[in-house]
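Visitor: here's my sequence, what's the structure:
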Amino acid sequence: MMPGELFHWLAEIGAGFLLGSVMFSEIIPRRVLHIDIEAVSDDGNPGSGNVFLHCGPFWGFVCLLLDMAKGFLPVFCALHRLGPNHLLFCAVLAAPVLGHAIAPFNHFHGGKCIATAFGELIALLPVTWIVLVLAGVYILLSTVMKIPSTRVRSIAAFSLFGIIAAALLVRRSQLPIALGCVLISTVAVVRHRRPEDGKTPPRDA
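Guide: Next up is the predicted model:
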């Protein structure tokens, strides 16, 4: 690999991580509505689900779309600029969800990666429809198996998604995407398995 090409890959990975680290579901309620979503929610999670619950459907949809967009845009750009066939593409897929889970811009209090992961997988639609696997697993666990705990359901969904996606994509010789999906599922599972940080103290609006 030429140095210039490596630079482009590292730039895409770094941009995805930084964009993923922007916690729209924490920033918008705090800056626009003067609501500390982490303080008022039961689980302290800076995610769009809590925005729906505490700020209403309009702001919930805004934050949901932004959380999906920050996964979609880096993957979409890398897919069309660099292509999905280099092994480093798996790091492009991992970067936004990792940024969202770690959240260095939010005192390292990240979210649970669901919307961002779906945004990334939607960006892959020209290449693979693997997003339907994650959606299908979530629907199965929610409606057929009816797992009541959101945390347990998400751990199971991302675990199954990682296994199924890897098997399907390796069979289709899409190894970088397969590894990326495994990394996405690993980050999400670890984030959901981590004990809740609890509520953060209110911050000045």
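
Visitor: when you work out contacts or count neighbours from here on, use the C-alpha atoms and nothing else.
Guide: Fine.

Visitor: now the terminal residues of stretch 99-109, how far apart.
Guide: As for stretch 99-109, its first-to-last residue distance stands at 11 Å under the measure Cα to Cα, to the nearest Å.

Visitor: contacts for it?
Guide: Residues outside stretch 99-109 that contact it (Cα atoms under 8 Å, 6 or more residues apart in numbering) are 16-23, 46, 110-113, 116, 187-188, 191, 197.

Visitor: rerun that using 10 Å as the cut-off
Guide: Residues lying outside stretch 99-109 but in contact with it, judged by Cα atoms under 10 Å, 6 or more residues apart in numbering, are 14-23, 26-27, 38, 44-47, 67, 70-71, 95-97, 110-117, 187-188, 190-192, 197, 200.

Visitor: pull out the buried members of the residues you listed.
Guide: Burial of the contacts of stretch 99-109 was assessed by neighbour count (16 or more other Cα atoms under 10 Å); the buried members are 14-23, 26-27, 38, 44-47, 67, 70-71, 95-97, 110-117, 187-188, 191-192, 200.

Visitor: in helices, which of these appear?
Guide: Members of the buried ones among the contacts of stretch 99-109 lying in helices (criterion: DSSP state H): 14-20, 26-27, 38, 67, 70-71, 95-97, 114-117, 187-188, 191-192.

Visitor: which residues in this protein form helices?
Guide: Taking DSSP H to define them, one finds helices in the chain at 3-20, 24-32, 37-40, 48-55, 57-81, 89-102, 114-123, 131-139, 150-171, 175-193.

Visitor: that's all I had, so thanks and see you.
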